[in-house]
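Trainee: coords please:
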Amino acid sequence: MTQNPPQDGQPASGEKTLRMKKPKFDPHAGPISPDPNLPPGLRRWGALAVATGLGTGFSPFAPGTAGTFVGVLLFWFLAPPFAGWGVYTVATVCLIALGIWTATLAEGIYRKKDDGRIVIDEVVGYLVTMLGTCGADDSTVRKAWIAVAGFFVFRFFDILKPPPAYQFQALPGGYGIVIDDVMAGVYGCLTLHIGLILWRWLGA
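Mentor: Reported below is the predicted structural model:
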């Protein structure tokens, strides 16, 4: 019995083809930040207080959502009419820098990549989402509605993590913890502003 010769691009009879599967990208596969070896004291507890969103990261249910509420409070008192957008922007940038530093320390202390107790990323991500969304002449009710809308918009993008937010998680230390949420906040800010333009156009 004769065998037909193999066609172009097909293995010959009896050959075993090893097909290598492309490994799935895991943004949390990188090394954990080194333990900072901070002794108990103000610096250690202060860093953890910031990284955990004043302890909201210890919430037994949805710590990321709980941490976002800290961002809501900061937005309420930093945005107009209580303060101006200049103050708000400077505070947000400073908190991003502080968040990266404290998240790096906390990751090293907890010995886990992007530990769930670290929620400063949700705080700053929400603040980025809300940038420039209300004015001094807006009523308290309107500002409250905008704050609630921003909460859901940010959480949507924070969970979805469209590129490059998902890939940013692979950055080392606190950068990988915080920058992806900042990117989610950028998406949220753009979406929220589009929604507000439509809202005003409809005369709401």
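Trainee: give me the element the spatially most central residue of the chain is part of.
Mentor: The chain has Asp181 as the residue nearest its centroid, 1.9 Å off, counting by C-alpha atoms, centre = their mean. Assigned by DSSP states H and E, Asp181 belongs to helix 173-201.
Trainee: which strands or helices does that helix pack on?
Mentor: Helix 173-201 is packed against helix 85-110, helix 120-129, helix 140-160, helix 165-168, with contacts defined by 3 or more C-beta pairs under 8 Å, 6 or more residues apart in numbering; DSSP states H and E. All C-beta spots, glycine's among them, are computed from the backbone N, C-alpha and C.
Trainee: ranking the ones you listed by burial, who's on top?
Mentor: helix 120-129 (a mean of 29; mean count of other C-beta atoms under 10 Å).
Trainee: quick revisit: just give the nearest non-adjacent residue to the residue nearest to the centre of the chain, would you?
Mentor: Using C-beta to C-beta, 6 or more residues apart in numbering and skipping residues adjacent in sequence, the residue nearest Asp181 is Gly125, 3.4 Å away.
Trainee: so what's the residue nearest to the centre of the chain scoring on pLDDT?
Mentor: In this model, Asp181 is scored at 98, pLDDT.
Trainee: touching, it and Thr129? I think so.
Mentor: No. Contact criterion C-beta atoms under 8 Å: Asp181 and Thr129 do not qualify, at 9.6 Å.
Trainee: can you list contacts of stretch 187-197?
Mentor: 125-126, 128-133, 146, 149-150, 153-154, 156-158, 162, 165 (C-beta atoms under 8 Å, 6 or more residues apart in numbering).
Trainee: sorry, back to before: list the buried residues in the helix holding Asp181.
Mentor: 173-189, 191-192, 196 (16 or more other C-beta atoms under 10 Å).
Trainee: and Ala91, what pLDDT?
Mentor: Looking at Ala91, its pLDDT is 97.
Trainee: distance of the nearest residue to it once chain neighbours are set aside relative to Ala97?
Mentor: Distances taken as C-beta to C-beta, 6+ apart place Leu78 nearest to Ala91, at 5.6 Å, with adjacent residues excluded. From Leu78 over to Ala97 the distance is 16 Å, taken as C-beta to C-beta, to the nearest Å.
Trainee: cool, Phe152 as well?
Mentor: 27 Å.
Trainee: that older thread, residues contacting the residue nearest to the centre of the chain?
Mentor: Neighbour list for Asp181: 121-122, 124-125, 158, 165 [criterion: C-beta under 8 Å, 6+ apart].
Trainee: for Ala29, same thing?
Mentor: Going by C-beta under 8 Å, 6+ apart, Ala29 touches Ala170.
Trainee: what residues does Gly71 make contact with?
Mentor: If you count contacts by C-beta under 8 Å, 6+ apart, Gly71 has them with 122-127, 130.
Trainee: how about it, secondary structure?
Mentor: Here Gly71 is recorded as helix under DSSP: H, G, I helix; E, B strand; the rest coil.
Trainee: check what pLDDT it gets.
Mentor: We have a pLDDT of 97 for Gly71.
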